[in-house]
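[1] take this sequence and fold it.
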Amino acid sequence: MNDGSRSASAKDGGRPLRRDAALNRERILRAAREIFGRRGLGVTLDDVAHEAGVGVGTVYRRFPTKEALVRALFEQDLELRQLSAKKALAHPDPWQGFVDFLTDMTADLAGNRGLNEVIMLGSHSSGPIEAARGGMLPFLEALIHRAQESGDLRAEVTASDIPVIQQMLSAAAQFTQGKRPEIWRRYIEILLDGLRQRPGNRPLTTESLGNETVEELMGLAARPTPAQE
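    Sure thing, here's the model as predicted:
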């Protein structure tokens, strides 16, 4: 995954930074990426300061809130996921394009708890992050449609299945508590074998959650109040 700090290190709020301030900002972003990736978004700006080896006041000068720091880190990551989806759609083999995207996305989510929480749970979201998250659905639907049209992907698979699959795989990585973080690769092989269309496939008997429910669970849609349910 590219380090989102590179393009942002020279400026802060549109103003050029002094060299020492720019270096501190980059150090903070690197530390935040490491600690958010390892522990998730529950960490505090004090934790980030300790990880970066700077005073907490330095962190607050560059990022007055945790939301500002999360936004600086993960907006670019989400844009890169969309670029990955476009690349997968351009792959001459629809099935391989689908596999490549699912594998790349899972690698990001399984290896970065913070990114997983931003994408899958909508934690500490902003307008650009929400737009990027919501904008993934058309790409998923297009990738699935291509793979089904080519006869490689089971007809029952829907876009709403993909976030659930990615959560399952990320959970497998976390289950090992750091001992076998790449174990998700074993289980994606098993899942892909089940997703592949074959003459002997038995029909799936349980319906998918559907896009509306998945979007609600991911925080992309307003949850109904008790009076609306």
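[2] tell me who's in contact with Glu141.
    Counting by CB atoms under 8 Å, 6 or more residues apart in numbering, Glu141 touches Ala159. Where you see a C-beta, it was placed from the backbone N, CA and C, and this is true even at glycine.
[3] gap between it and Leu80?
    Noted for Glu141: a distance of 20 Å to Leu80, by CB to CB, to the nearest Å.
[4] what about the strands in this protein?
    Along the chain, counting by DSSP state E, strands occupy 11-12, 15-16.
[5] among the ones you listed, which gets the worst mean confidence?
    Least confident of the strands of the chain, judged by mean pLDDT, is strand 11-12 with a mean of 52.
[6] avg pLDDT for stretch 114-131?
    Rounded mean pLDDT across stretch 114-131 is 72.
[7] correction: the previous question concerned stretch 178-191.
    Stretch 178-191 shows an average pLDDT of 93 in the prediction.
[8] same question for that stretch: list its buried residues.
    Buried residues in stretch 178-191, counting neighbours by 16 or more other CB atoms under 10 Å, are found at Ile183, Trp184, Arg185, Tyr187, Ile188, Leu191.
[9] name the nearest of these relative to Asp161.
    Leu191 (10.0 Å; CB to CB).
[10] longest helix anywhere in this protein?
    As assigned by DSSP state H, the longest helix anywhere in the chain is helix 66-89.
[11] helices or strands next to it in the packing?
    If you count contacts as 3 or more CB pairs under 8 Å, 6 or more residues apart in numbering; DSSP states H and E, helix 66-89 packs onto helix 5-8, helix 19-39, helix 45-52, helix 94-111, helix 113-121, helix 127-134, helix 136-149.
[12] could you pull out the buried residues of that helix?
    Quick answer for helix 66-89 (16+ other CB under 10 Å): 66, 68-78, 80-81, 84-85, 88.
[13] got any ranges where the chain has weak pLDDT?
    Across the chain, residues meeting the criterion (pLDDT under 70) sit at 1-18, 122-128, 131-132, 221-229.
[14] show me how it divides into domains.
    Following automatic domain parsing, one finds the domains of the chain at 5-64, 74-217.
[15] show me what contacts Thr44?
    Lys66.
[16] next up, phi/psi of it, please.
    phi -100, psi 170 (degrees, to the nearest 10).
[17] would you mind measuring from it to Val56?
    The value you get for Thr44 to Val56, if CB to CB is used, is 9 Å.
[18] now swap in Asp161 and tell me
    Computed with CB to CB, the distance linking Asp161 and Val56 is 43 Å.
[19] those two: who's more crowded?
    Each of Asp161 and Val56 has its neighbours counted (other CB atoms under 10 Å); Asp161 has more, 20 against 15.
[20] what's the nearest residue to the more buried one if we skip its chain neighbours?
    Leaving aside its chain neighbours, Asp161 sits nearest to Ser208 (5.2 Å; criterion: CB to CB, 6 or more residues apart in numbering).
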